[in-house]
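Enquirer: Compute the structure for the input listed below.
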Amino acid sequence: MKSEMEVGDYAVEIENLGRNFGKFEAVKGVDLKVLKGTVFGLLGVNGAGKSTIIKMLVGHLKPSYGRIRILGRPLEEDPIEIRKRVAYVSENRYLYEWMTVAESIRFTRAFHANWDDGKAADLLKRFSLPPEKKIKQLSRGNRARLCLLLALSFNPELIILDEPTSGLDPIVRRDFIENIVSEISEEGKTVLFSSHIVEEVERVADYVGIINEGELLMVSSIDEIKGSYKRVRYATNGTRPEVAGVPGVMAIENGRHEQVLTVHGWGDATRLALAARGVANPEVLPISLEDVFVNTVRAERERRAGL
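Expert: Model prediction:
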């Protein structure tokens, strides 16, 4: 990660972005920057506001307030030029059912001056797509692969994907994600994708943003999460120490003979505070993104409920 960022370092810049639907506030003052050449996963449960943010980024929805810059340009000032440099794949995978795979490729090619026939042919072969087969006859997995082919073949600088593996079985989902990573990481492109599948984000993203009820709760690199968040386990021997006020403790899980804490910023302050409460020889364990996601969202919901 770069220590000092300049304006040109970001593929996406969002400032105080919001979207209302009547009285319902779907996105609430989101601030976000996505570094060029990285894979960023926007993680949240269904209905968290991920798709609304992405639709604003690609110009399908107008923000109620806030500003968006894509590849250094204000979106509202230069949307046509920006679209030439950005690929978008929606979870609905819009395709013309009556076309064949080859016809769909030729049709899409006509809209892009920088279309790369060699790349399209290579991806067609690598994805094992049948060129003469009607799109309506394709499996969900092959539809997803075709959408990815169409998105990558005009060499976009930024690829935006909204729930790209929605509806795919686990094997096809993993294959699809690996195709994205292998294709894009070699060329230094930027990817922003949304997902509600934690394992998917942890597997491929460099950075993750956790969103809940329209609010961005946390943005961090995957490496930073694994380094600064820990699970801490210790025996209780029949008596549970009161650890709710210990610095960094996000969550407490009570077992029959042990407690397990989720801790942000494990270090001497937390260790000494636990020792003062009678916790001896705690075991410090690595943490998964799922643990961080669940506890971050749960803590926010409890805060809102006044618990």
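Enquirer: Figure out the helix or strand that the spatially closest residue to W266 that is not a sequence neighbour lives in.
Expert: Leaving aside its sequence neighbours, W266 sits nearest to K230 (CB to CB, 6 or more residues apart in numbering; 4.3 Å). For every residue, glycine as well, the C-beta is placed using N, CA and C. For K230, the element it lies in under DSSP states H and E is strand 229-235.
Enquirer: now swap in R174 and tell me
Expert: Per DSSP H and E: helix 170-185 holds R174.
Enquirer: Run through who's touching that helix.
Expert: Helix 170-185 has contacts (CB atoms under 8 Å, 6 or more residues apart in numbering) with 39, 123, 126-127, 140-141, 144-145, 148, 152, 159, 161, 164-165, 168, 191, 193, 197, 200, 203-204.
Enquirer: Tell me who's in contact with M218.
Expert: Residues near M218 by CB under 8 Å, 6+ apart: V208, G209, I210, T296.
Enquirer: The second one and L43 touch, don't they?
Expert: Pointing back at G209 there. Yes - counting by CB atoms under 8 Å, L43 is a contact partner of G209 at 6.8 Å.
Enquirer: Show me the strands in the stretch 151-300 of the chain, by range?
Expert: For the stretch 151-300 of the chain, applying DSSP state E, counting those that start in this stretch gives strands covering 158-162, 190-195, 207-212, 215-221, 229-235, 249-254, 258-264, 283-285.
Enquirer: what is the mean pLDDT for the helix holding R174?
Expert: For helix 170-185, mean pLDDT rounds to 76.
Enquirer: At the geometric centre of the chain, which residue sits there?
Expert: Geometric centre of the chain, nearest residue: G41, 1.6 Å, by CA atoms, centre = their mean.
Enquirer: how about that residue, phi and psi?
Expert: G41 adopts backbone torsions of phi -100, psi 120, taken as degrees, to the nearest 10.
Enquirer: What's the local residue count around the residue nearest to W266?
Expert: When neighbours are defined as other CB atoms under 10 Å, K230 has 23 of them.
Enquirer: quick one: contacts for it?
Expert: Going by CB under 8 Å, 6+ apart, K230 touches T262, V263, W266, V284, L285, P286, I287.
Enquirer: Any idea how far the helix holding R174 is from the middle of the chain?
Expert: Using CA atoms, centre = their mean, to the nearest Å, the mean C-alpha position of helix 170-185 is found 14 Å from that of the whole chain.
Enquirer: do the same with stretch 76-84
Expert: Put simply, stretch 76-84 sits 23 Å off its chain's centre (CA atoms, centre = their mean).
Enquirer: What mean pLDDT does it get?
Expert: Computed over stretch 76-84, the average pLDDT equals 87.
Enquirer: Buried ones in it, by neighbour count?
Expert: Neighbour-count burial for stretch 76-84 flags I82, R83 (criterion: 16 or more other CB atoms under 10 Å).
Enquirer: cool, stretch 44-61 as well?
Expert: Judged by neighbour count (16+ other CB under 10 Å), stretch 44-61 contains these buried residues: 44, 48-59, 61.
Enquirer: Could you dump these into JSON lines with pLDDT added?
Expert: As requested, the buried residues of stretch 44-61 are exported to JSON lines (pLDDT from 0 to 100):
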{"residue": "G44", "pLDDT": "95"}
{"residue": "A48", "pLDDT": "92"}
{"residue": "G49", "pLDDT": "94"}
{"residue": "K50", "pLDDT": "95"}
{"residue": "S51", "pLDDT": "94"}
{"residue": "T52", "pLDDT": "96"}
{"residue": "I53", "pLDDT": "97"}
{"residue": "I54", "pLDDT": "96"}
{"residue": "K55", "pLDDT": "95"}
{"residue": "M56", "pLDDT": "96"}
{"residue": "L57", "pLDDT": "96"}
{"residue": "V58", "pLDDT": "93"}
{"residue": "G59", "pLDDT": "92"}
{"residue": "L61", "pLDDT": "95"}
